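Undergrad: return atomic coordinates for the entry below.
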Amino acid sequence: MHPASCTTDAFHRGRFFVVQPAGSGHRAGMDAMMLAAAVPCGFAGRLADLGAGAGAAALAVLSRCGQARAVLVEREPDMAAFAEKSLALAQNAALSARAEVLVADVTLAGRARQAAGLGDNSFDFAIMNPPFNRGRDRATPHALKRAAHVMQDDTIERWLRTATAIVRPRGGLAMIARPESIGAILAALEGRFGAAEIRPIHPRADAMAIRVVVRAVRGARKMPAIAPPLFLHETDGGGFSPQADAINNGQGALFGD
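TA: Here you go, the predicted model:
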């Protein structure tokens, strides 16, 4: 893509930067920062960012977790190219040595998945922001946005099948989704990941949740639990709440760790 179609955006108050499409592809924001904040601060293992886009969530994990390593898994070559550009930025030199980009389809299974570079039990944690717009939702004319945003009937099942294969036993998983997907998420976690913690994300205290972040442990048997909600704003039209601002800027943990 022509450089004019790109922007270079600061995250975590300038601790890292992401090269993103200006209008023709998915642009990262608060969702990516909340997803990254679900990874414990002390995490020091190998992380898979499934559907990484330009790399914002994975870089946010590396920004928070100084010993972590990450593989940015992205199906669309154009978006993977943005991730490569993000890693190549001089401003990201302190993080990029711990990251790599893998062009692969998250929904591959079995030998095809392994041949693509997603080996069994090869990661300690996986994060994911799967497409969560239904086809009947407002359409976008941009192919990259459609690929990032529009889910199929079995999207969650297929993404969690891959996470189950690549995350080692007792390893972690975190995903962000719309609240209406929680039933499908819990069904797909059954027999795979347990001890699920569900944190609802609300715009304000008087508004319905707009996102849920789910964190779970592979092979755990503990039942799911609902964590206290996160309110993004204290008032209608106001700035971020102190807790949301800390999470957005890499200074807070979504689950307190």
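Undergrad: for stretch 72-82, output the C-alpha coordinates as PDB.
TA: Backbone C-alpha positions of stretch 72-82 (Å, rounded to 0.1, in the frame of the first residue of the first chain) are rendered in PDB as follows:
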ATOM      1  CA  LEU A  72       1.900 -12.200  15.700                       C
ATOM      2  CA  VAL A  73      -0.400 -14.500  13.700                       C
ATOM      3  CA  GLU A  74      -2.200 -12.800  10.800                       C
ATOM      4  CA  ARG A  75      -4.000 -14.400   7.800                       C
ATOM      5  CA  GLU A  76      -4.200 -11.300   5.600                       C
ATOM      6  CA  PRO A  77      -0.800 -10.600   3.900                       C
ATOM      7  CA  ASP A  78      -1.500  -6.800   3.700                       C
ATOM      8  CA  MET A  79      -2.200  -6.600   7.500                       C
ATOM      9  CA  ALA A  80       0.800  -8.800   8.200                       C
ATOM     10  CA  ALA A  81       2.900  -6.300   6.200                       C
ATOM     11  CA  PHE A  82       1.700  -3.500   8.600                       C
END
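Undergrad: helix or strand next in line after the helix or strand bottoming out on mean pLDDT in the chain, which one?
TA: Counting by mean pLDDT, DSSP states H and E, the chain has its least confident helix or strand at helix 143-149, which shows a mean of 47. Scanning forward in sequence from helix 143-149, with DSSP states H and E defining helices and strands, the next element found is helix 155-166.
Undergrad: list the neighbouring strands of whichever helix or strand comes after that following helix plus their orientation.
TA: For helix 155-166, the succeeding helix or strand toward the C-terminus, using DSSP H and E, is strand 167-177. Each strand that strand 167-177 pairs with, and the sense of that pairing, follows from DSSP bridges: strand 123-128 (parallel), strand 211-218 (antiparallel).
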